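Participant: pasting a predicted model and its sequence here:
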Amino acid sequence: MLTYLSPSELHDALTIRDLSDPDSRPHAMQPLLQGIINALCRDWGVPERIVRHSPLVSVADNYDRLGFNESDVTRDQRYSRYVSPTVMLRSHTSASIPSLLRALDDNASMDELWAIPGLVYRRDCIDRTHVGTPHQVDLWRVNSRKQVDADNLQEMIGSLVQAVLPGARWRAVPAVHPYTREGLQVDVLMGGEWLELAECGLMAPHLFSEAGLDPTRWSGLALGMGLDRALMLRKGIPDIRLLRSTDARIEQQMLDLSPWKAVSQMPSIRRDISIVVPADVDTEVLGDRVRTALGEEAEDLESVVLLALTSYGDLPVAARERLRIGDGQANALIRLVLRPLARTMTDPEANQTRDDVYLALHEGPVKELIAG
């Protein structure tokens, strides 16, 4: 049975600043995005259309009309944020595509770039590269004048990588998406390691048919990319929390695309907790529950790492009795790394945060708190 966001949770989600939006304060994400758009439009000789829709979308547009199956795990409320049975906070900016296609005239002659940036809403783990409300941009070339093909897709990837990371090596490996054909994942080589930058493919014919358009006339390229990751790679930023920091030393560096200059880091504090959780728990659910419990104080957490997960059946009898754990549950060992960006955390503060996280995640009857 689905549960829905409360009015306060919805309000909090809708008031998060979109760093990609120039109507907000300046941020380095904005020139990065505009540079990508300019490069693609220049290389193709097509006009741009920048679309900013409400993050509240129909479930049908977010999933059904893009080709997701009813059984796809991404629909689970563990990963998506539902407002009602038919409305949700978008989990990807691709949710705007069905309504944009429905608004087209089948007889129209067009070839243009649709750029759809904004926040998306997910339940995700807590570490240096993940947040629950990342920025994403969908870049789709929609064409009724000629059939675009896989060669055009390769050209698009090359233009994108050059705009984001000039001179970087890249590769494209097969990937499956419900709304593309010949799907690819785009990786870039950074520091000797291949890192994912984007996913793309040819627009699937069913997208046009669903919108009442003739798929023999219409074709297109579809690409989605995380803007947070792209900006971090471009500037060499080590921690995603820095993108929103209000520390003057950091905030000033988030106004342009010049390389990141490290500021003195605050010392980290580690706290390990042993808790009882459902046997099928995953890090995305744990991360979301921690963010909800801590609110703004979640920004003090550098990471929440699941070190070990031991099922009821694999625990020694003494451990079962100590934890009073039941069948269908597991013992999770979790490491919290606390490192506020702009101040030094005291041990009592770290202990209180440890206990707050413990109470948010622990589902056993025996509680072991340390803050008093």
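Facilitator: Received the coordinates, thanks.
Participant: just the endpoints, please. Distance across stretch 66-79?
Facilitator: Terminal residues of stretch 66-79 lie 17 Å apart, using CA to CA, to the nearest Å.
Participant: need the strands for the stretch 151-300 of the chain, in chain order.
Facilitator: 170-174, 180-190, 193-203, 219-226, 269-278 (DSSP state E, counting those that start in this stretch).
Participant: columns mean pLDDT, distance to residue 243 and mean neighbour count on top of those strands, output as CSV?
Facilitator: Every C-beta, even on glycine, is put in place using the N, C-alpha and C of the backbone. Formatted as CSV, the strands of the stretch 151-300 of the chain follow (pLDDT from 0 to 100; distance: least, CB to CB, whole Å; neighbours: other CB atoms under 10 Å):
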stretch, mean pLDDT, distance to residue 243, mean neighbour count
strand 170-174, 97, 23, 14
strand 180-190, 96, 18, 18
strand 193-203, 97, 17, 19
strand 219-226, 98, 12, 23
strand 269-278, 95, 23, 18
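Participant: adding distance to residue 128, write those strands out as a markdown table.
Facilitator: A markdown table is the format used below for the strands of the stretch 151-300 of the chain (distance: least, CB to CB, whole Å):
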| stretch | distance to residue 128 |
| --- | --- |
| strand 170-174 | 23 |
| strand 180-190 | 14 |
| strand 193-203 | 13 |
| strand 219-226 | 14 |
| strand 269-278 | 15 |
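Participant: how about those, which one is nearest residue 39?
Facilitator: strand 219-226 (12.6 Å; CB to CB).
Participant: now the angle from that closest one to strand 180-190?
Facilitator: In terms of direction (axes from the mean of the first three to the mean of the last three CA atoms, to 10 degrees), strand 219-226 departs from strand 180-190 by 40 degrees.
Participant: packing partners of strand 219-226?
Facilitator: strand 135-143, helix 150-164, strand 193-203 (3 or more CB pairs under 8 Å, 6 or more residues apart in numbering; DSSP states H and E).
Participant: centre of the chain to that strand, how far?
Facilitator: Relative to its chain's centre, strand 219-226 lies at 16 Å (CA atoms, centre = their mean, to the nearest Å).
Participant: can you tell me the strand partners of that strand and which way each runs?
Facilitator: strand 135-143 (antiparallel), strand 193-203 (antiparallel) (DSSP bridges).
Participant: lowest-pLDDT helix or strand in this structure?
Facilitator: helix 283-294 (a mean of 88; mean pLDDT, DSSP states H and E).
Participant: so for it, what gets flagged as buried?
Facilitator: Residues 283-291, 293-294 are the ones in helix 283-294 that count as buried (16 or more other CB atoms under 10 Å).
Participant: residues in contact with the closest residue to residue 179 other than its chain neighbours?
Facilitator: Closest residue in space to residue 179, ignoring its immediate chain neighbours: residue 66 at 4.5 Å, by CB to CB, 6 or more residues apart in numbering. Counting by CB atoms under 8 Å, 6 or more residues apart in numbering, residue 66 makes contact with 94-95, 97-98, 178-179, 207.
Participant: out of those, which comes closest to residue 312?
Facilitator: Taking CB to CB as the measure, residue 312 sits nearest to residue 178 out of the contacts of residue 66, at 36.5 Å.
Participant: now do the same contact list for the closest residue to that closest one other than its chain neighbours.
Facilitator: Computed as CB to CB, 6+ apart, the closest residue to residue 178 that is not its neighbour in sequence is residue 67, at 3.4 Å. Neighbour list for residue 67: 178-179, 204, 206-207 [criterion: CB under 8 Å, 6+ apart].
Participant: can you select the buried ones from those in ChimeraX?
Facilitator: Buried subset of the contacts of residue 67, written as a ChimeraX selection, criterion 16+ other CB under 10 Å:
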select :178,179,204,207
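Participant: just checking, residue 343 touches residue 264?
Facilitator: No - using CB atoms under 8 Å, residue 343 is not in contact with residue 264; the gap is 11.8 Å.
Participant: more neighbours: which of these two?
Facilitator: Shown here are residue 343 and residue 264; by other CB atoms under 10 Å, residue 343 has more neighbours (10 against 5).
Participant: from residue 17, how far off is the more buried one?
Facilitator: Counting by CB to CB, to the nearest Å, the gap from residue 343 to residue 17 is 22 Å.
Participant: can you say which of the strands of the stretch 151-300 of the chain is nearest to residue 246?
Facilitator: Among these, the nearest to residue 246 by CB to CB is strand 269-278 (21.3 Å).
Participant: show me what that closest one packs onto, helices and strands only.
Facilitator: Checking 3+ CB pairs under 8 Å, 6+ apart, strand 269-278 ends up next to strand 329-338, helix 347-361.
Participant: so which of these is the most packed in?
Facilitator: strand 329-338 (a mean of 20; mean count of other CB atoms under 10 Å).
Participant: what's the angle between that strand and strand 269-278?
Facilitator: Using the same axes, to 10 degrees: strand 329-338 against strand 269-278 is 160 degrees.
Participant: count of residues packed around residue 151?
Facilitator: There are 8 residues near residue 151, going by other CB under 10 Å.
Participant: give me the pLDDT for it.
Facilitator: On pLDDT, residue 151 comes in at 96.
Participant: relative to residue 142, how far out is it?
Facilitator: Taking CB to CB as the measure, residue 151 and residue 142 are separated by 18 Å.
Participant: equivalent analysis for residue 269, please.
Facilitator: 50 Å.
Participant: same question, residue 35
Facilitator: From residue 35 to residue 142 the distance is 21 Å (CB to CB).
Participant: so which of these two has more stuff around it?
Facilitator: residue 142 (25 against 16).
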